[in-house]
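[1] return atomic coordinates for the entry below.
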Amino acid sequence: AVREAFTPDIAAKFGQYEDYPPDLETWAMKKGLSKEWSQRYWAAHWNLPSPMQGFEMLHRGVIDESELNMLLRALDVMPFWRDKLTQIAYRRLTRVDIRRMYKQG
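    Sure, this is the predicted structure:
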């Protein structure tokens, strides 16, 4: 919903102001929107990775837990659930995997 358009530090870190087209400001002003609001609309238009993509990036070492938490915040996941979702993001070993590891020593 908000997509961090009201949190400029996070929007800048995510690169949400990049590729801002100058024509957007011109046309937004004709509609009565200030430069600040046209930039917020631009920042909010981007698609974010899904939570599952975030968990996969965490597993592969592409992002760390703080960046995953920032992504979950940007996806409007309530604070109560963020830590819980991160905790279950890790796949548990199955009994078959454990048996194979035991046999290998």
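[2] pull out the buried residues from the helix or strand bottoming out on mean pLDDT in the chain.
    Least confident helix or strand, the chain: helix 8-14 with a mean of 87, by mean pLDDT, DSSP states H and E. Within helix 8-14, the residues that count as buried by 16 or more other Cβ atoms under 10 Å are 10-11, 14. Every C-beta, even on glycine, is put in place using the N, C-alpha and C of the backbone.
[3] quick one: which helix or strand includes the residue positioned nearest the centre of the chain?
    Nearest residue to the geometric centre of the chain (Cα atoms, centre = their mean): Leu71, 2.7 Å. Element membership of Leu71 [criterion: DSSP states H and E] is helix 65-74.
[4] contacts for that helix, please.
    Taking contacts as Cβ atoms under 8 Å, 6 or more residues apart in numbering, the residues outside helix 65-74 that touch it are 3-4, 10, 13-14, 48-49, 51, 54-55, 57-58, 63, 79, 81-82, 85-86, 89.
[5] that one: how far from the chain's middle?
    Relative to its chain's centre, helix 65-74 lies at 6 Å (Cα atoms, centre = their mean, to the nearest Å).
[6] and for stretch 66-78?
    Taking mean C-alpha positions (Cα atoms, centre = their mean), stretch 66-78 and its chain are 6 Å apart.
[7] could you export it as CSV, CA atoms only?
    C-alpha atoms of stretch 66-78 as CSV (Å, rounded to 0.1, in the frame of the first residue of the first chain):
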residue,chain,number,x,y,z
SER,A,66,17.8,-7.0,8.6
GLU,A,67,17.2,-6.6,4.8
LEU,A,68,14.6,-9.3,4.9
ASN,A,69,12.9,-7.5,7.8
MET,A,70,13.0,-4.3,5.7
LEU,A,71,11.4,-6.1,2.8
LEU,A,72,8.7,-7.5,5.0
ARG,A,73,8.0,-4.0,6.3
ALA,A,74,7.8,-2.7,2.8
LEU,A,75,5.4,-5.5,2.0
ASP,A,76,3.2,-4.2,4.8
VAL,A,77,3.6,-7.4,7.0
MET,A,78,2.6,-6.4,10.5
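[8] fine by me, we can end here.
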